[in-house]
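J.: quick one, fold the following:
(2 chains)
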Amino acid sequence: MTQTNTNPYAKEIIKDTLMSIGEEMFVALARTSMSPIIYEVLDYACGLTDAKGNLISQGNGVTSFIGMLSPMVKSVLDKFGDDLKKGDIIIINDPYVGGGSHLSDVGLVMPIFHENQLVGFSANKGHWTDVGGKDPGSLTSDSTEIFQEGIQLSGVKLFDEGILNNSLETIITDNIRLPQFSIGDMWAQVSALRTGEKRFKELCNLHSKETLVQVIEDLILSSEEYSQQVISSLPKGVYEAEDFIEGDSEKGGPYKIKVKVTITDAEFICDFRGSHEQVFHPVNCTYYGLLASVRVMYLAIVQPQFNITEGLFKPLKIITDRKSILSAERPAPVSMNFEARLGGAELIWKALAPTIPERLPAGHSLSVCSVTVSGVHPHTHEDFLIVEPSVGGWGATNESDGQRGQFCMGNGETYNVPIEVAEAKYGVMVSEYAFRNDSGGAGEFIGGQGVVRSYKILSDDQYLSASYGRHKFAPWGMNGGKAGAPSYIEVYRENGDVVGPFGVTTRLNLKKGDTVKLVTPSGGGYGNPKDRNYDKVERDIKNGFYTEEEARIQFGHK
Amino acid sequence: MRVTTDIGGTFTDLLYIDNNGEFYFDKVHTTPPNFENGVMNVMEKSSLNYEMIDMFIHGSTIVINTLTERKGAKVGLITTKGARDVLEIARGNRPDLYNFKYKKPAPFVERYLRLEVNERMNYKGEILEGLSEEDVLDAIDYFKKENVDAVAVCLLHAYKNPLHERAVVDLVRKYWPETTVTASHELINEWREYERTNTTVLNSYVKPVMERYIDNLDSKLNEKISNNNRYIMQSNGGITSFDDSREFPVNLIESGPVAGVYGAAILGEIIGEPNIISFDIGGTTAKCSLINNKEVKVSTDYYIEKNDRYAGYPVKVPVVDIVEIGNGGGSIAWIDELGSLKVGPQSAGSNPGPVSYGQGGEKATTTDANLYVGRLSAKNFDNNVDIVKLREAINNQVANAFNTPTEDGALGIIDIANSNMLNALKLISVRKGFNPQDFTMVAFGGGGPMHAAELARELKIKKVVIPHAASVFSAWGMLMSDTRKDYIQTYLAKLDKLDFKNINDQWNVMEHTSLDDFSNNNLDKFPIEFERSIDLRYEGQEHTVKMRISDDIWNEEFVESIKTSFHEMHEFTYSFRLENTGVEIVNMHLTSIGKIDRPKLKQLENKGIELKDTIKEVRDVYFKNNGWSKTNIYNRELLEEGHMIEGPAVIEERTTSTIILDNQQARIDEYGNIILIVEVK
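T.: Got it, this is the predicted structure:
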């Protein structure tokens, strides 16, 4: 630790306070947001960086955003440099530059000044319900270039020295559906930024700027040292894995992706070269999207028990081909970027899990399993829009069964929408929300069950778009455990016809009386099924997860 | 005479106040599993005259302990067709973001005991499909076979229309009278099925245990006390009858800590301070709550076992808003993976306890730090404190790592503990838009009086009150309680499209329901007052703001005034308002309070003792700015009204110490409270 004259315990207090700021901004935003994707799904993050854009404090609900704030701030710094003024707020959703995932994730960045000097940034990023583009909810599964996906904001001043740019606000309002929600969220984001700014300045006023800078450097440096230490304790070697991004089989999917992970004493290198080139289908992710999710994977391996700062990521290196499906460039479509983003990151999981089973379980649902339903509410006659991820099954671990019904690695402190809330707001009835009973995932420890969620449609001309990954390739088992069960969607028409099963659909027309059955993947098993404890299998049967017949075949149970 | 008994993990406490306002306090060991024996023991020990007892008020941690120790009943759950897994899917969240081996909270009812019945309501409470009685009877048969002890019923949209739930309950009572059953609408009338199901299940889970306990206690009391004025403390800060708590024990889940908050509000009223920050430090946690204009805030956002890495279990019953953090006297100091100093949430508990207890504790705690710097006196410990061992522990755990003298290490521990508590205090005040300068802090529990002076200074709070008998203040709060019940009804409606008649009727229905409820539970002896609140939000928002309203008739003018207040309140709380966005009601909240005459407080007797004669000793105390300083230590038991003590100083009593810093001043009021003036001009 660097020596300074400040009382060492006073610095501890500053650290403590800094760490609590990100969390406070996070809570402030959730409580004032207008849209379920933010207040229920918590699909957003808030944080502080230092004056160079290095992450020092963050509160987040979904994992992926952890890696997005600092590259976003750095790109704003690159673009504006000395043109950043007190009171400025920059709005940015460009996926190809820092921090980009897709246009729906809108970031705000506010420089913080103390005594006329730039001391840090307050930043947040949230998933807006709609940012325009060809499809309601802006989650499109058949765009061929980004221009179809919504309004693009490449980093422009929403506030110029504290003054709102009314023209810009009007342009945004005019280009999006349900602007009252998204503009409401924008104000909630602004309010959270100001909270961060205020708290940071309170610290500046209490301590000298030098002390503060010193504490921040210490924080980043000590987490870097910690990270190095963990890496050096992992088994050295080269680990490889391959998998597929499923995409839409009618449009050329599935697409092969691969990784080679090299762990040395000081570095953790993820080489994705040789993966499929970028496609005219919105399952691409940009380099920054991949970076964000690889960071999540990296944290799952390093498992820090403290707040995350930039220093942790120092040993991590990522190599990709240009214009690959994992590193797409303008104007490649990226609306469903989570498919490539999470697919790429999960390759590292698949490659390393057999070597470090104490840290990583068997394969999980992986897919966000996003669902969009738009239509008119039959009672209120107002437009409604469901945009939601779905819970799925997680893989078994080396010591326990997999988790049932939990959001995928890309989500986190994400909440499902309650049936009673959904039925009041949307023109659907949830006729079933239950675990699957056909899960596979046999093993000494069994994979967690995915779920069935069925929407009975209550008005004509609703439209369904969905992207359910792990439809063709079920979550993988590990060390002798069996693969889990793949996802699927089926639509039961009122006249008895059945559409599907399928994994991806865009703007499928639905009529009153139709039922949409959404089935998420179940996780992979761990270890030989024949080794499963007899009483546990009995319990599985009693709980309805396997029939006696299945138990006999899968576990040799008598 | 009014008596409270409070069962804690280690001790069962008794506090009574007689008709002259005289206090008496005693404790005995808690007697698991027959807790009622401890209650009788402590009453015997105090040799009180049973004939004199006008009112018996009871508090206990049995509900929360039964839950956390998983010692409750085998519960069978009945749900709507298609919804039996709701209890286990829960909300699907994973708060431990980077732990891919995270385990969700296991449900209190395993899948094979969760049965579905055919029936369906829509969100308006209209019946889409009638209840299948056959399904209910099948479920009863199955539960009997599986030796289920208690039944829980939660059907979709029952908060809007409880008809089917009532029918299920009737069938269970008819065909299985020996069992006990809870339906969700009897407890909660708010939407969100997972939260409601879980709460209902938890009630059923603790109910058989609580029934046995209450019945045993009741019959023991019958042997001694002829009147039936027996009450039990609930989590909403009020008391209720034994009968009621037998039916709905989950309402008692957080009863201990809330009594302290309620006490702080009452004390505030007595000394003329309507705005109070209640601050209570015990052995393992610190708890704080904000009372704005005499109003103790109650909400239904309570969880058990939840922390920032674990989802926990929601319990949607009315609980006083308390922020609780893992920082008490026994909290252990440690250095994390990054070399940062942390205090808590790990606690040395009461066994082995802090190093200074000499029971084998090896890890330095906040109490140890307070002792080392002289804020506590080794003479007040039951054992001989091993100072060498204490110094070693602080050096090894903290001071050596930072290259500082031991006393700076000890002060570092106190500072970090204070920083944690400061965050909690800010969370309830500045973060919600309140200015701490407008509030008086009431500090109690074993540690509150020791940390209050510094925290108040940081927050710019002007005045701190350390109540008389600060370490049993929660029990005192219980003595002062009124009967209380909260009724919350989800009522989703836009203010602009409100059906005035409907909502006025709804308030009337709620008030009548409440009156019936009070009389059915023998709670109608006291005059009942109603208070109305509503949960409001901008259209599209999810989270709501609770607002007290008058009991005026709803009409256009009244709604306008509500809107205006809501915009103001939203801006106050969240720093912005949306004038052009519609406002909607989510919940109606009726609070019914049966006002009980409070026992009068006794004033301190004045014996004319001079201040200088109350000084016990002069001892070295280590302060941040002044280093080791000779400091006056006052004996609280000798202090009298009007005594004025200049800081730095320490006031000692048997169970705690009050610290007064430089530029601070303490005055003793007529009831023996210490009034600390934080910044002396």
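
J.: do you have the strands of the stretch 1-150 of chain A handy? List them.
T.: If DSSP state E, counting those that start in this stretch is used as the criterion, the strands of the stretch 1-150 of chain A fall at A:44-50, A:55-60, A:89-92, A:105-114, A:117-127.

J.: hmm, the third one touching chain B?
T.: No - between strand A:89-92 and chain B, judged by C-beta under 8 Å from any C-beta of the partner chain, nothing touches; the nearest distance is 13.7 Å. (Each C-beta comes from the backbone N, C-alpha and C, glycine too.)

J.: still on that earlier bit, now mean pLDDT and mean neighbour count too, for the strands of the stretch 1-150 of chain A, in JSON lines please.
T.: Output for those, formatted as JSON lines (pLDDT from 0 to 100; neighbours: other C-beta atoms under 10 Å in any protein chain shown):
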{"stretch": "strand A:44-50", "mean pLDDT": "89", "mean neighbour count": "28"}
{"stretch": "strand A:55-60", "mean pLDDT": "85", "mean neighbour count": "27"}
{"stretch": "strand A:89-92", "mean pLDDT": "97", "mean neighbour count": "24"}
{"stretch": "strand A:105-114", "mean pLDDT": "95", "mean neighbour count": "24"}
{"stretch": "strand A:117-127", "mean pLDDT": "92", "mean neighbour count": "26"}
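
J.: now render those as a markdown table, adding distance to residue B:427.
T.: As requested, those are arranged in a markdown table below (distance: least, C-beta to C-beta, whole Å):
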| stretch | distance to residue B:427 |
| --- | --- |
| strand A:44-50 | 16 |
| strand A:55-60 | 14 |
| strand A:89-92 | 26 |
| strand A:105-114 | 22 |
| strand A:117-127 | 19 |
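
J.: in chain A, what helix or strand scores lowest on average pLDDT?
T.: Scoring the helices and strands of chain A by mean pLDDT, DSSP states H and E places helix A:36-39 at the bottom, with a mean of 57.

J.: mind giving me the packing neighbours of the stretch of helix or strand residue B:573 belongs to?
T.: Secondary structure assignment for residue B:573, by DSSP states H and E: helix B:556-574. Where contact means 3 or more C-beta pairs under 8 Å, 6 or more residues apart in numbering or on different chains; DSSP states H and E, helix B:556-574 is packed against helix A:8-32, strand B:528-538, strand B:545-549, strand B:583-594.

J.: dump the C-alpha coordinates for that helix into CSV.
T.: Output of helix B:556-574 as CSV, limited to C-alpha atoms (Å, rounded to 0.1, in the frame of the first residue of the first chain):
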residue,chain,number,x,y,z
GLU,B,556,-62.8,16.2,-7.0
GLU,B,557,-61.4,18.8,-4.6
PHE,B,558,-60.0,16.2,-2.3
VAL,B,559,-58.3,14.3,-5.1
GLU,B,560,-56.7,17.6,-6.3
SER,B,561,-55.2,18.1,-2.9
ILE,B,562,-53.9,14.6,-2.9
LYS,B,563,-52.3,15.1,-6.3
THR,B,564,-50.6,18.3,-5.2
SER,B,565,-49.3,16.6,-2.0
PHE,B,566,-48.1,13.6,-4.1
HIS,B,567,-46.1,15.8,-6.5
GLU,B,568,-44.4,17.5,-3.5
MET,B,569,-43.7,14.3,-1.7
HIS,B,570,-42.3,12.6,-4.8
GLU,B,571,-40.0,15.5,-5.4
PHE,B,572,-39.0,15.6,-1.7
THR,B,573,-38.2,11.9,-1.8
TYR,B,574,-36.7,11.4,-5.2
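
J.: quick one: residue A:14 from residue B:45, how far?
T.: 51 Å (C-beta to C-beta, to the nearest Å).

J.: which one of these two has more residues nearby?
T.: Counted by other C-beta atoms under 10 Å in any protein chain shown, residue A:14 and residue B:45 do not tie: residue A:14 has more neighbours, with 21 against 12.

J.: ok, back up a step: next, format the helices and strands packed on helix B:556-574 as a markdown table and append mean pLDDT and distance to residue A:507.
T.: Formatted as a markdown table, these follow (pLDDT from 0 to 100; distance: least, C-beta to C-beta, whole Å):
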| stretch | mean pLDDT | distance to residue A:507 |
| --- | --- | --- |
| helix A:8-32 | 79 | 31 |
| strand B:528-538 | 95 | 30 |
| strand B:545-549 | 92 | 38 |
| strand B:583-594 | 96 | 31 |
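
J.: output the lowest mean pLDDT helix or strand found in chain B.
T.: Least confident element among the helices and strands of chain B, by mean pLDDT, DSSP H and E: strand B:23-29 (a mean of 85).

J.: name the residues of the helix or strand following it that are buried.
T.: Using DSSP H and E, the helix or strand that follows strand B:23-29 towards the C-terminus is helix B:35-45. Across helix B:35-45, burial judged by 16 or more other C-beta atoms under 10 Å in any protein chain shown covers B:35, B:36, B:37, B:38, B:39, B:40, B:41, B:42, B:43.

J.: these two touch, right, the third one and residue B:31?
T.: Yes - the pair residue B:37 and residue B:31 passes the contact test of C-beta atoms under 8 Å, sitting 4.4 Å apart.

J.: contacting residues around residue B:665?
T.: By C-beta atoms under 8 Å, 6 or more residues apart in numbering or on different chains, the contact list for residue B:665 reads B:644, B:645, B:646, B:647, B:676, B:677, B:680.

J.: shouldn't the fifth one be within a strand?
T.: Read that as residue B:676. Yes - membership of residue B:676 in a strand is supported by DSSP: H, G, I helix; E, B strand; the rest coil.

J.: and the closest residue to it other than its chain neighbours, what helix or strand is that in?
T.: Of all residues not flanking residue B:676 in the chain, residue B:464 sits nearest, at 4.0 Å (C-beta to C-beta, 6 or more residues apart in numbering or on different chains). Here residue B:464 sits within strand B:463-466, counting by DSSP H and E.

J.: taking their axis directions, the longest helix anywhere in chain A and strand A:117-127 sit at what angle?
T.: Determined from DSSP state H, the single longest helix within chain A is helix A:179-206. Interaxial angle, helix A:179-206 versus strand A:117-127 (axes from the mean of the first three to the mean of the last three C-alpha atoms, to 10 degrees): 150 degrees.

J.: picking that back up, which one of the helices and strands packed on helix B:556-574 lies nearest to residue A:158?
T.: Residue A:158 lies closest to helix A:8-32 among those, at 15.9 Å (C-beta to C-beta).

J.: may I see the buried residues of the closest one?
T.: Of all the residues in helix A:8-32, those buried under the rule 16+ other C-beta under 10 Å are A:8-9, A:11-26, A:28-32.

J.: just stretch A:206-220 next, same as before
T.: A:207, A:211, A:212, A:214, A:215, A:216, A:218, A:219, A:220.

J.: now that stretch - C-alpha only, CSV.
T.: Extracted as CSV, the C-alpha positions of stretch A:206-220 are listed here (Å, rounded to 0.1, in the frame of the first residue of the first chain):
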residue,chain,number,x,y,z
LEU,A,206,-14.5,16.5,3.4
HIS,A,207,-11.1,15.4,2.3
SER,A,208,-8.4,16.8,0.1
LYS,A,209,-8.5,15.9,-3.5
GLU,A,210,-5.0,14.4,-3.2
THR,A,211,-6.2,12.0,-0.5
LEU,A,212,-9.2,11.0,-2.5
VAL,A,213,-7.1,10.3,-5.6
GLN,A,214,-4.7,8.3,-3.5
VAL,A,215,-7.5,6.2,-2.0
ILE,A,216,-9.0,5.5,-5.4
GLU,A,217,-5.5,4.5,-6.7
ASP,A,218,-5.1,2.2,-3.7
LEU,A,219,-8.4,0.6,-4.3
ILE,A,220,-7.8,-0.2,-7.9
